[in-house]
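# What shape does this take:
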Amino acid sequence: MSGNTFNRRDFIGKTTAGLAGLALTSTIAKASTVSAASYNRIIGSNERINIGFIGCGARSKGHIEMVKGSVKDMNLGVVAVCDIWNYNRENQAAICKSKFGNEVKQFKYSEDFLKMPELDAVMVGTGDHQHAKLLAEIVAAGKDCYCEKPMAIDVDDAKLARKAVLDSKQVVQMGSQWVSDPVMLKVRDIIRSGKLGQITKIEQVWNDNNHRWHDPNDQDVARIREEDTDWNRWLDGRPYEPFDPWKYFEFRIFRDYSGGITSQWMSHGSGLVNFYMDATVPDSMVANGGIFAWPDIRQNPDTFQALATYEDQKFMHSFTTNFGNLFGDYTCIRGKEGTLFSHGGEGNSRWFFIKEHQDLPGGFDFYEGMKELVKSGKAELISTPEYEMKMPAPIGNDNSKFHIDNWIDCMRSRNMMPNGHIHTGFWHSIASIMATRAYRENKKLYWDADKELIVEKATA
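A predicted model of the protein is given here:
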């Protein structure tokens, strides 16, 4: 059986009701120590939902902005922060007080944080290698969770997190915010309508011209002292090495703690491919790249390309990132009857539909050329009421109100299948892990869907 015999749409329809009734024993031993109050707190349709933040670095500041944008109309409260570094913890508490007008409790360790009976939901903004185990711990404690991507950077952790969530009654939203974006929803609807015909290839080219994820003058690196944090806890089971503040803060560029481009940007890209195509895990993956533009302290590549195939659906996903040149970001979804094209990066909200079999020039300026194609009726502008369409295209916000509101709505209704449900986290994790390994091992890799293993030979 290939990885794509699984029909995502049918699965979601059949599973929504089933997941709500799951009451299996959690795989996390700490679940038995959780107070009955946590499990007995049932969120009413109008009752305030109390949120806490774990991991109080840069991404968590975005989580604060998300909650701030929805705090009134969604009736949210912020009650606690948790971080093993005292500076981050205290700074986040101060920000929360200024944003929400109340004192919040501060915790160094997650096990103490999660004992709060009034805490309903947790937003995870820690290092990539910490997401999966924290997600498992949070749902075992009876709390709903918003977990940043990537959900996991190795297969065992991805399975651990998925099982813990499915064995719980908790509502989990992956931080892959574009799956709640109105433009992306419309793009998916167009694909589902059959307007493009058979789709054979999706190309994503998302670039930057910056020493991404490395700041030679990082103030936090200069500020932190080992005695002010817990280095062993931060390692989270990775092989021990002496305290290194560069790895602590810039984990994305180090091999043991992230795939870098694969874990960060490609996890978004692969997640959108799954979303557009009702796909799951790719059947095969190849990748290449290197450290070409920024030979600094990084171990993960700054220039990268991966090619994935989905055999049953007969299409290829091409993902490319270059940190040495910013020109020409785009997404292109190619079908036999038409093309969906977006000039811009992952959150770009300007899309065009171009019908096939027209006498179009081989190349043209997409800014002016697309305007002319629209005027002539040879291209169609894809728009939604949520965005005012301008040139250049507006960029969607990482701190998406659409996405957090979807999570909150699902918490109130106890709908276990928000837009970024646990299976989307598993699928994007496996794709990005396959790409990371294919690059590092210089091999073509395959997904064995029956055994749920990454293998070196295709299965029948």
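# I'd say Q106 and W85 touch.
No. Counting by Cβ atoms under 8 Å, W85 is not a contact partner of Q106; they are 11.5 Å apart. (Each C-beta comes from the backbone N, C-alpha and C, glycine too.)
# Those two - which one has more neighbours?
The residue with more neighbours, out of Q106 and W85 and counting by other Cβ atoms under 10 Å, is W85; that gives 22 against 17.
# what's the nearest residue to that one if we skip its chain neighbours?
Using Cβ to Cβ, 6 or more residues apart in numbering and skipping residues adjacent in sequence, the residue nearest W85 is T229, 4.3 Å away.
# Next, count neighbours for that neighbour.
For T229, the number of neighbouring residues by other Cβ under 10 Å comes to 21.
# ditto for the one 10 residues further on
Neighbouring residues of P239 were enumerated by other Cβ under 10 Å; the total is 6.
# Any figure for the gap between it and D256?
Distance, P239 to D256, by Cβ to Cβ, to the nearest Å: 7 Å.
# Let me see the contact set for S429.
If you count contacts by Cβ atoms under 8 Å, 6 or more residues apart in numbering, S429 has them with A132, P150, M151, A152, I153, V155, A158, S267.
# now do G69
Contact analysis of G69 by Cβ under 8 Å, 6+ apart lists N399, K401, I404.
# re earlier: distance check, the residue nearest to W85 against A58.
Relative to A58, T229 is positioned 16 Å away (Cβ to Cβ).
# what's the distance between the helix ranked longest in the chain and the middle of its chain?
Longest helix of the chain, by residue count under DSSP state H: helix 422-441. When C-alpha coordinates are averaged (Cα atoms, centre = their mean, to the nearest Å), helix 422-441 and its chain have centres 12 Å apart.
# same check, this time on stretch 233-241
Chain-centre distance of stretch 233-241: 23 Å, with Cα atoms, centre = their mean.
# what does it rub up against?
Looking at stretch 233-241 with Cβ under 8 Å, 6+ apart, the contacting residues turn out to be I84, Y109, G127, H129, Q130, K133, N232, Y248, D256, Y257.
# tell me the average confidence for it?
Along stretch 233-241, the predicted local confidence has a mean pLDDT of 97.
# Could I get the buried residue list for it?
In terms of neighbour count (16 or more other Cβ atoms under 10 Å), stretch 233-241 has its buried residues at W234, L235, D236.
# related to what we said a few turns ago, can you turn the buried part of the contacts of S429 into a PyMOL selection?
To isolate the buried ones among these in PyMOL, judged by 16+ other Cβ under 10 Å, type:
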select buried, resi 132+150+151+152+153+155+158+267
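# Can you tell me, leaving aside adjacent residues, what's nearest to E452?
Distances taken as Cβ to Cβ, 6+ apart place K159 nearest to E452, at 6.9 Å, with adjacent residues excluded.
# and the residue nearest to W178 when sequence neighbours are not counted, backbone torsions?
With Cβ to Cβ, 6+ apart as the measure, M184 is the residue that lies nearest to W178, at 5.1 Å, once sequence neighbours are left out. Dihedral pair for M184: phi -60, psi -40, per degrees, to the nearest 10.
# can you tell me how far M184 sits from F402?
Distance from M184 to F402, counting by Cβ to Cβ: 10 Å.
# who's more crowded, these two?
The residue with more neighbours, out of M184 and F402, is M184; 24 against 19, by other Cβ under 10 Å.
# I figured that one was touching V273, is that so?
No. With contact defined as Cβ under 8 Å, M184 does not count as touching V273 (11.4 Å).
# Show me how the chain divides into domains.
The chain breaks down into these structural domains: 8-178+403-421, 180-214+256-395+435-441 (assignment by automatic domain parsing).
# can you pull the buried residues of stretch 431-451?
By neighbour count, and taking 16+ other Cβ under 10 Å as the criterion, the buried residues in stretch 431-451 are 431-439, 444-449.
# With stretch 450-460 instead?
I454.
# Let me have it in PDB, keeping just the CA atoms, if that works.
Presented in PDB, the C-alpha positions along stretch 450-460 are these (Å, rounded to 0.1, in the frame of the first residue of the first chain):
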ATOM      1  CA  ASP A 450       2.100  -0.100   6.300                       C
ATOM      2  CA  LYS A 451       5.100  -0.100   8.700                       C
ATOM      3  CA  GLU A 452       5.200   3.700   9.000                       C
ATOM      4  CA  LEU A 453       8.900   3.800   8.400                       C
ATOM      5  CA  ILE A 454      11.300   5.700   6.100                       C
ATOM      6  CA  VAL A 455      13.100   3.200   4.000                       C
ATOM      7  CA  GLU A 456      15.700   3.100   1.200                       C
ATOM      8  CA  LYS A 457      13.700   0.800  -1.200                       C
ATOM      9  CA  ALA A 458      10.200   1.300  -2.500                       C
ATOM     10  CA  THR A 459       7.600  -1.000  -1.200                       C
ATOM     11  CA  ALA A 460       5.300  -2.900  -3.600                       C
END
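# Just the residues contacting that stretch, thanks.
Under the criterion Cβ under 8 Å, 6+ apart, external residues in contact with stretch 450-460 comprise 1-2, 155, 159, 283-284, 430, 433-434, 437, 443-449.
# roughly how far is that stretch from the heart of the chain?
That offset, for stretch 450-460, works out to 25 Å (Cα atoms, centre = their mean).
# what about it, average pLDDT?
Averaged over stretch 450-460, pLDDT sits at 93.
# May I have the residues that are in contact with the closest residue to V374 other than its chain neighbours?
Counting by Cβ to Cβ, 6+ apart, L381 is the residue found nearest to V374 once chain neighbours are left out, at 5.4 Å. Contacts for L381 (Cβ under 8 Å, 6+ apart) come out as R350, W351, F352, V374, M389.
# any idea how far the first one is from F304?
In this case it means R350. Using Cβ to Cβ, R350 is found at 25 Å from F304.
# Looking at these two, which is more packed in?
Legend: neighbour count by other Cβ under 10 Å for R350 and F304, higher for F304 (25 against 22).
# give the contact list for the more buried one.
Taking Cβ under 8 Å, 6+ apart, one finds G260, I261, T262, M266, A287, N288, G289, T320, T321, N322, Y439 in contact with F304.
# Most neighbours of all those residues, which one?
Among the contacts of F304, I261 has the most neighbours (other Cβ under 10 Å), with 33 neighbours.
# was I right about K314 contacting T200?
Yes. The pair K314 and T200 passes the contact test of Cβ under 8 Å, sitting 6.6 Å apart.
# what about these two, which has more around it?
Neighbours per residue, other Cβ under 10 Å: of K314 and T200, the larger number sits with T200, 14 against 11.
# Just checking: what are the partner strands of whatever helix or strand the more buried one lives in?
Applying DSSP states H and E as the criterion places T200 in strand 199-205. Strand 199-205 has the following sheet partners, assigned by DSSP bridges: strand 315-322 (parallel), strand 330-335 (antiparallel).
# Need the winner for burial among the ones you listed.
Of the strands paired with strand 199-205, the one with the most neighbours on average (mean count of other Cβ atoms under 10 Å) is strand 315-322, at a mean of 22.
# just to revisit the earlier point, gap between the residue nearest to W85 and H211?
As for T229, its distance to H211 is 25 Å (criterion: Cβ to Cβ).
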